[in-house]
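Student: can't give you the sequence, but here's the structure:
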């Protein structure tokens, strides 16, 4: 079923800093009812000098309470504004956007989730949904240092391994270092993180012959597929323009790694 | 109260349309607004063959505006005729197809293929700043603009609107060249060429280096150019550039625009088009305006 998209007002139910520059925000909105892992919302800063919605991944969706959970890093003026929001503040959001991870395809399989930095938040909802599908879920979370935000949340649904760039926690290195060192195997890989990590995951998927789904990011304007701002190179002809340039906001953000050219 | 306007003999139920490139062919924003409420939908530019567009990043936000350098990614006229036009034909709105090309022959091929189609009007894109060949090259020199206008006019079965670039010294001269070439209407402004630099990475924000500036930041420039162009020609002028609200749209109408288009602000407020149409009606009620035509070019000293 196709989700109805809308721009709506959400109420901030909570917002707190969970690591330096990383915020955990709960938003009351009826959009929580249709959110799936790997999808995102656009959040509009109130600052009138800005125009565009900031695409932020969904970390959790509490259908009963009608709450979306997002965890974001301050990356500019928009996210800096969001970081100051307090309970009761109102915010304009656009959603639900994007395709999400193919959790139905993963049913009953073993899945390794790989997350790097601010790519970790969507893996919380993903791990939860995969557990509900009867999957054996392993998460490898890569951080800069020992600020291991969301680790406890991930541990509710998965066996969690940690990699840190500075070696202050878990394995020193990146998420693929952990995969090699621990000789982890699975039927499927799902990943979200910075581009170098996603390239490595794509390479690993090809070498090991394991299908990988990766979530991509790009500068976006509309978020709904109209402006063609956020495209990625694909091997197959894309559905919109037939030029092998798929729209990350609507055809993605999650793609089969074998289908995209990074 | 009459909100209907006529552009080259084609009647629009109200003066509000979409700016090319910001609204696809209506499918995406059709989830947010009732397309039947719009005077016209102006499609994303379509060429004779599919165009892949530019590398990313294609988008950068600026103070009160945004830069884009999409590079006219489009599926080509054949897919467009099979998919996009049948979609738009389901709605009670006028269809304006934006036509782009690298050479005059490209434009003519698209124009001819649209001959028997449900397109009501053609908007000829001679003002996109983001492609290396064609487009703006035809729109920055009065003689070139006159030539391409007259060649397309000879082949076109629908009335043609020439979409003008603001990246010129004298917009009145360009407006007159389009009119002399046989244009049935002109639309302006396309985006203003701009640049943004990321000082931390010391790189261009856009892969294309330059992009087209749109959004509220450009509105005063657009209103001025619409005023100058409408003073210069007798054909209808369609005004656009940073329109977010009915108040913005009314400035363009008072400056001389017979119709207006909402562009980048669709990204900010997906309901903007319909809100602008409703706001214009409220303004007409407030000031007892019987016919929207009374407002066109009605600005006074």
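Tutor: Great, that's in hand. Quantities reported herein were computed from a predicted structural model and do not represent experimental measurements. Numbering: from 1, shown residues only, chains lettered A, B, ... in the order given.
Student: Figure out the helix or strand that the nearest residue to residue B:57 once chain neighbours are set aside lives in.
Tutor: Spatial nearest neighbour of residue B:57, excluding adjacent residues (Cβ to Cβ, 6 or more residues apart in numbering or on different chains): residue A:219 at 4.4 Å. C-beta: built from backbone N, CA, C; applies to glycine. Assigned by DSSP states H and E, residue A:219 belongs to no helix or strand.
Student: If you tally nearby residues, what's the number for the closest residue to residue A:248 other than its chain neighbours?
Tutor: Closest residue to residue A:248 apart from its sequence neighbours, by Cβ to Cβ, 6+ apart: residue A:230 at 4.3 Å. Neighbourhood size, residue A:230 [other Cβ atoms under 10 Å in any protein chain shown]: 27.
Student: got the residues of the stretch 51-200 of chain A near chain B?
Tutor: Taking Cβ under 8 Å from any Cβ of the partner chain as the criterion, the stretch 51-200 of chain A approaches chain B at residues A:51-53, A:94.
Student: Go through the residues you listed and flag which are in helices.
Tutor: If you go by DSSP state H, these have nothing in helices.
Student: Quick one, which of the residues you listed are buried?
Tutor: Among those, the ones that count as buried by 16 or more other Cβ atoms under 10 Å in any protein chain shown are A:51-53, A:94.
Student: Filter those residues down to the ones in strands?
Tutor: Counting by DSSP state E, these place residue A:94 in strands.
Student: could the buried ones among the residues of the stretch 51-200 of chain A next to chain B be laid out in CSV, adding pLDDT?
Tutor: Shown next, in CSV, are those (pLDDT from 0 to 100):
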residue, pLDDT
A:51, 97
A:52, 98
A:53, 98
A:94, 98
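Student: Give me the pLDDT value at the residue nearest to the spatial centre of chain A.
Tutor: Among the residues of chain A, the one closest to the centroid is residue A:122, at 3.6 Å (Cα atoms, centre = their mean). The model reports residue A:122 with a pLDDT of 98.
Student: Please report phi then psi for it.
Tutor: Here is the backbone geometry of residue A:122 (degrees, to the nearest 10): phi -70, psi -20.
Student: give the contact list for it.
Tutor: Residue A:122 makes contact with A:37-38, A:40, A:57-59, A:115, A:192, A:215, according to Cβ atoms under 8 Å, 6 or more residues apart in numbering or on different chains.
Student: out of these, who's nearest residue B:67?
Tutor: Nearest to residue B:67 among those is residue A:40, at 22.6 Å by Cβ to Cβ.
Student: where do the helices sit along the stretch 51-200 of chain B?
Tutor: Taking DSSP state H, counting those that start in this stretch to define them, one finds helices in the stretch 51-200 of chain B at B:77-79, B:85-89, B:104-113, B:136-139, B:142-155, B:171-180.
Student: mind listing what's buried in the second one?
Tutor: For helix B:85-89, the buried set under the neighbour-count rule, 16+ other Cβ under 10 Å, comprises B:85, B:87-88.
Student: what residues are up against residue B:147?
Tutor: Contacts for residue B:147 (Cβ under 8 Å, 6+ apart) come out as B:104, B:181.
Student: Quick check: pLDDT value at it.
Tutor: Per-residue confidence at residue B:147 stands at 95 (pLDDT).
Student: For residue B:301, see how far away it is.
Tutor: From residue B:147 across to residue B:301, the span is 37 Å (Cβ to Cβ, to the nearest Å).
Student: can you check residue B:122 too?
Tutor: For residue B:122, the distance to residue B:301 - Cβ to Cβ - is 36 Å.
Student: Give me the neighbour count for the closest residue to residue B:108 other than its chain neighbours.
Tutor: Spatial nearest neighbour of residue B:108, excluding adjacent residues (Cβ to Cβ, 6+ apart): residue B:155 at 5.3 Å. Residues contacting residue B:155 under the criterion other Cβ under 10 Å number 13.
Student: Looks like residue B:155 contacts residue B:105 (just checking).
Tutor: No: with contact defined as Cβ atoms under 8 Å, residue B:155 does not count as touching residue B:105 (10.7 Å).
Student: For chain B, what's its nearest residue on the stretch 51-200 of chain A.
Tutor: Using Cβ to the nearest Cβ, the closest approach of the stretch 51-200 of chain A to chain B is made by residue A:51 at 4.9 Å.
Student: Would you mind giving both backbone torsions of the closest residue to that residue other than its chain neighbours?
Tutor: Nearest residue to residue A:51, sequence neighbours excluded (Cβ to Cβ, 6+ apart): residue B:268, at 4.9 Å. In terms of degrees, to the nearest 10, the main-chain angles of residue B:268 are phi -80, psi -40.
Student: you'd agree residue B:211 is in a helix?
Tutor: No: applying DSSP: H, G, I helix; E, B strand; the rest coil, one finds residue B:211 to be strand, outside a helix.
Student: Mind listing the residues bridging to the closest residue to it other than its chain neighbours?
Tutor: Spatial nearest neighbour of residue B:211, chain neighbours left out: residue B:67 (3.5 Å); criterion: Cβ to Cβ, 6+ apart. Applying DSSP bridges to residue B:67 gives these bridge partners: residue B:60, residue B:213.
Student: How about residue B:162?
Tutor: On the basis of DSSP bridges, residue B:162 takes part in beta bridges with residue B:124, residue B:186.
Student: How many residues are close by it?
Tutor: Residue B:162 has 32 nearby residues by other Cβ under 10 Å.
Student: That one contacts residue B:146, doesn't it?
Tutor: No: using Cβ under 8 Å, residue B:162 is not in contact with residue B:146; the gap is 10.0 Å.
Student: Can you pull the residues that touch both of these two?
Tutor: B:178, B:181.
Student: and which of the contacts of residue A:122 is nearest to residue B:27?
Tutor: Among the contacts of residue A:122, and counting by Cβ to Cβ, the member closest to residue B:27 is residue A:40, at 20.2 Å.
Student: what about the closest residue to residue B:135 other than its chain neighbours, neighbour count?
Tutor: Spatial nearest neighbour of residue B:135, chain neighbours left out: residue B:128 (4.0 Å); criterion: Cβ to Cβ, 6+ apart. Burial of residue B:128 is recorded as 25 neighbouring residues (other Cβ under 10 Å).
Student: Return the residues in contact with residue B:128.
Tutor: Shown in contact with residue B:128 (Cβ under 8 Å, 6+ apart): B:45, B:72, B:100, B:135-136, B:190, B:212.
Student: Distance check, it against chain A.
Tutor: Residue B:128 is 13 Å from chain A, where distance means Cβ to the nearest Cβ, to the nearest Å.
Student: So the residue nearest to residue B:163 when sequence neighbours are not counted versus residue A:157, what's the distance?
Tutor: Spatially, and ignoring its direct neighbours in sequence, residue B:163 is nearest to residue B:187 (4.6 Å; Cβ to Cβ, 6+ apart). Per Cβ to Cβ, residue B:187 is found 54 Å from residue A:157.
Student: Repeat that for residue A:28.
Tutor: Taking Cβ to Cβ, one finds residue A:28 at 24 Å from residue A:157.
Student: So what's the predicted local confidence for the residue of the stretch 101-250 of chain B found nearest chain A?
Tutor: Per Cβ to the nearest Cβ, residue B:215 is where the stretch 101-250 of chain B lies closest to chain A, at 5.5 Å. In this model, residue B:215 is scored at 98, pLDDT.
Student: do the same with the one 10 residues further on
Tutor: The predicted local confidence for residue B:225 comes out at a pLDDT of 98.
Student: try residue A:1
Tutor: pLDDT, residue A:1: 41.
Student: cool, and the one 10 residues further on?
Tutor: Taken from the predicted model, the pLDDT recorded for residue A:11 is 98.
Student: what secondary structure does it sit in?
Tutor: Following three-state DSSP, we place residue A:11 in the strand state.
Student: From residue B:279, how far off is the residue nearest to it when sequence neighbours are not counted?
Tutor: Closest residue in space to residue A:11, ignoring its immediate chain neighbours: residue A:28 at 4.4 Å, by Cβ to Cβ, 6+ apart. In this view, residue A:28 and residue B:279 are 30 Å apart by Cβ to Cβ.
Student: which parts of the stretch 1-150 of chain B sit against chain A?
Tutor: B:21-24, B:27-29, B:31-32, B:44, B:50-53, B:56-61, B:63-66, B:68, B:70, B:73-76, B:79.
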